[in-house]
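Novice: with the sequence up front, the predicted model follows.
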Amino acid sequence: MLPRRARGHLRNAGRAPCPRPPRAAHYGMTRNRMKLAVMAWRNLWRYGRRTLTTIGAMTLALLTLIVWTSFVQGFLRDLETTIVEVEIGDMQVYPPDYRTQPSIFDRIGAPAELVDTLGAMGYDASARLLAGGLAAAGEASAGVSLRGVETDQDARVSVVYDRVAQGSWLDPSDPAGIVIGGRLARTLDVGLDDEVVLLSQATDGSIANDLFRVRGILAPFSEATDRSGIFLVRQAFLDFFVLPGGAHQVVVRNTADQPLDSSAARIQAAAPGLDVLTWRELFPTLATMLDSVQDTMYILFIIVYLAIAILLVNATLMAVFERIKELGLLKAVGLSPTKVIRLIMWEGLFQAMLAAVAGLILAVPLLYYVTQVGIDLAALGGQISITGIGLDPVMRGVVNPTIIVGPLSAMFVIVLLSMLYPALKAARIQPVEAMRHQ
C-alpha cells in the first residue's frame, strides 16, 4: 500500500497547475512599475545639467504664477471689499427712475418696513437719504453731496465708520455733528470742531440753511466722497430738508449666501415697483475690468506654461535622440512600447515633482512678504483710484488653496501632455534601425 503522501501526488497528477495568486500578480506588476520609475530617475541624472535647467525653469514658472495669482486675488479682494463693504453694498434699492432723474421728492415710502422684510429674508439692509447742497466755511465754499444715515443700521451694511481718519463717526446724540471727506475738508480749510454752513432747497420751498460742526474727517476711499461727501444723522437730514420721512436709497448686503443675481431677483419680488440694482450694474465699467483682470491671469497661465511645454518637448526629444540605441536595445530585450511611454512619462513626472517641491519651498517666504508687508505703490503717484474708487496704495496678496492648487495642477497637466509626444516618438523606435543609428 502506498504512503499517504504518494497517494496525494497520484490524485493531483492529472490536474492543471494552480494559477498564480492575484496578490502575487499585483506584486509583480508593482515591481515592474518600480523598476521603470528607478530607471527613469537614473536617466534624469545622466544628463544632470539639462535636467536641472528644465527643473529650474519649471520652478521659476510655478513660483511666478503662485505669487501672481496671490497678487491678483488680493487686488480683486481689496477692490471688491472697497466697493461693497465701504459704501455701496452688494445691491441698492431706489424709487423708480431715481438713478436717471434724482429728486429729493422721489422717495421710498416705507423704508423701515422694507428693511424689516429684507432682514426676515436674511439680508442686512439700511435706508439712506440723499441730496445735494452747498457747504461754506469762512471764504471757501463747495458743492456737496449730503447723506443722511441711521448710524446703528448703516453699520451693518457699510464700514464707512471705520474709515474716519480724524475725530469720530456720527452720533445720534449730536445732531449738529457731521463727517466730511478729506479733500473737502482741505477745500473748505476746516478741521475738527470747526463750523460749516450748509445750504440747500427744502421740500417746503424754503431755503434750508443751518450751522454744523465737523466731528470727523474721512480717509480717502472714494473720489466722490473724498471730494464732496458729507454724512449726517438721519433725523438731522429730515429736519434740515423738512422731510416727513422715507428714503432715497436702501443699501443691501448679500448675507443670505446666494448668487448676486438670485438675491437681486428675490429682493425685486419683495419690493415691486422699485428699482433693484447690483453693484455690477451700478459700476459696469468696474465689473468689466474685474472680469478682464481674471482673464489676464488665465492668459498669463497659458503663456508661461506654453513656454514650459516647448522647453520640455525640446529637452525630452533631445534626450530621446541621444538614447536611440539604448531604447532600441531595451525594446529588443522585451520592453514593450507601452513601457517605453511609461518610462518617458516617469521622467517628466519626476521633474514636475522636483519643481513642485522647490517652487513651494521658495513660495513660502515670498507669500509671507506679499501678504504681510505688501508692495507700496504710493511712490508712483500717491492715492490710487480706479473709476473713482480709492484703493489702498499698499498692494497685498492673499493665501488660500486656489493660489497653490491652480498653478500646481496646471503644471502637472502641461508636463504630462508635453511628455506625450516625445514618449510616442520613443515608443516607435525599431530595434534594428536603432542599432544602425549613428
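Specialist: Happy to help now that I have it. Numbers count the residues shown, from 1 in each chain.

Novice: and the closest residue to Tyr305 other than its chain neighbours, what element?
Specialist: Closest residue to Tyr305 apart from its sequence neighbours, by C-beta to C-beta, 6 or more residues apart in numbering: Ile414 at 4.5 Å. All C-beta spots, glycine's among them, are computed from the backbone N, C-alpha and C. According to DSSP states H and E, Ile414 maps onto helix 401-427.

Novice: right, and the helix or strand after the helix or strand harbouring Gln92?
Specialist: Using DSSP H and E, Gln92 falls within strand 91-94. Downstream of strand 91-94, the first helix or strand assigned by DSSP H and E is helix 111-120.

Novice: related to what we said a few turns ago, now for the residue nearest to Tyr305: which residues touch it?
Specialist: The neighbours of Ile414, taking C-beta atoms under 8 Å, 6 or more residues apart in numbering as the test, are Tyr305, Ile308, Ala309.

Novice: which non-adjacent residue is nearest the spatially most central residue of the chain?
Specialist: Residue closest to the mean C-alpha point of the chain, counted by C-alpha atoms, centre = their mean, is Gln73 at 3.3 Å. Spatial nearest neighbour of Gln73, excluding adjacent residues (C-beta to C-beta, 6+ apart): Val398 at 4.9 Å.

Novice: elements contacting the host helix or strand of the residue nearest to the centre of the chain?
Specialist: Assigned by DSSP H and E, Gln73 falls within helix 48-81. Where contact means 3 or more C-beta pairs under 8 Å, 6 or more residues apart in numbering; DSSP states H and E, helix 48-81 is packed against helix 284-322, helix 337-372, strand 389-391, strand 394-395, helix 401-427.

Novice: kindly recompute the last result at 6 Å.
Specialist: For helix 48-81, the elements it packs on are helix 284-322, helix 337-372, helix 401-427, judged by 3 or more C-beta pairs under 6 Å, 6 or more residues apart in numbering; DSSP states H and E.

Novice: so which bits of the shortest one are buried?
Specialist: Meaning helix 401-427. Neighbour counts using 16 or more other C-beta atoms under 10 Å place 403-404, 406-408, 410-411, 414-415, 418-423, 425-427 of helix 401-427 among the buried residues.

Novice: show me the shaky parts of this structure.
Specialist: In the prediction, the chain carries residues with pLDDT under 70 at positions 1-33, 256, 378-392, 434, 436-438.

Novice: before we move on, the earlier item: the residue nearest to the centre of the chain and Val399 touch, don't they?
Specialist: No: Gln73 is beyond contact range of Val399, at 9.3 Å (criterion: C-beta atoms under 6 Å).

Novice: any idea how far Gly148 is from Arg183?
Specialist: 21 Å (C-beta to C-beta, to the nearest Å).

Novice: who's more crowded, these two?
Specialist: With neighbours defined as other C-beta atoms under 10 Å, Arg183 and Gly148 compare such that Gly148 has more, 26 against 19.

Novice: for that one, helix, strand, or coil?
Specialist: At Gly148 the chain is in strand, as set by DSSP: H, G, I helix; E, B strand; the rest coil.

Novice: check which helix or strand the closest residue to it other than its chain neighbours maps to.
Specialist: Nearest non-adjacent residue to Gly148, counting by C-beta to C-beta, 6+ apart: Phe237, 2.7 Å away. Take DSSP H and E as the rule and Phe237 turns out to sit in helix 234-241.

Novice: who are the packing partners of that helix?
Specialist: So helix 234-241, by 3+ C-beta pairs under 6 Å, 6+ apart, packs with strand 207-218.

Novice: got the buried residues for the helix holding Gln73?
Specialist: Neighbour-count burial for helix 48-81 [16+ other C-beta under 10 Å]: 51, 54-55, 57-63, 65-76, 78-80.

Novice: kindly report the same for stretch 117-128.
Specialist: Leu118, Met121, Tyr123, Asp124, Ala125, Ser126, Ala127, Arg128.

Novice: list the contacts of the first one.
Specialist: What that stands for is Leu118. By C-beta atoms under 6 Å, 6 or more residues apart in numbering, Leu118 lies in contact with Ala125.

Novice: tell me how many other residues crowd Leu303.
Specialist: Leu isn't right for residue 303; it's Ile. 11.

Novice: before we move on, what about Ser262?
Specialist: Using other C-beta under 10 Å, Ser262 has 11 neighbouring residues.

Novice: same deal with Ala185?
Specialist: Using other C-beta under 10 Å, Ala185 has 22 neighbouring residues.

Novice: what's the answer for Asp154, then?
Specialist: For Asp154, the count of nearby residues is 24 (other C-beta under 10 Å).

Novice: now swap in Asp174 and tell me
Specialist: Neighbours around Asp174, by other C-beta under 10 Å: 13.

Novice: can you tell me the closest non-neighbouring residue to it?
Specialist: Asp174's closest residue in space is Arg215 (C-beta to C-beta, 6+ apart), at 6.5 Å.

Novice: with Gly177 instead?
Specialist: Nearest residue to Gly177, sequence neighbours excluded (C-beta to C-beta, 6+ apart): Arg215, at 3.6 Å.

Novice: gap between the one you found and Asp239?
Specialist: Distance from Arg215 to Asp239, by C-beta to C-beta: 17 Å.
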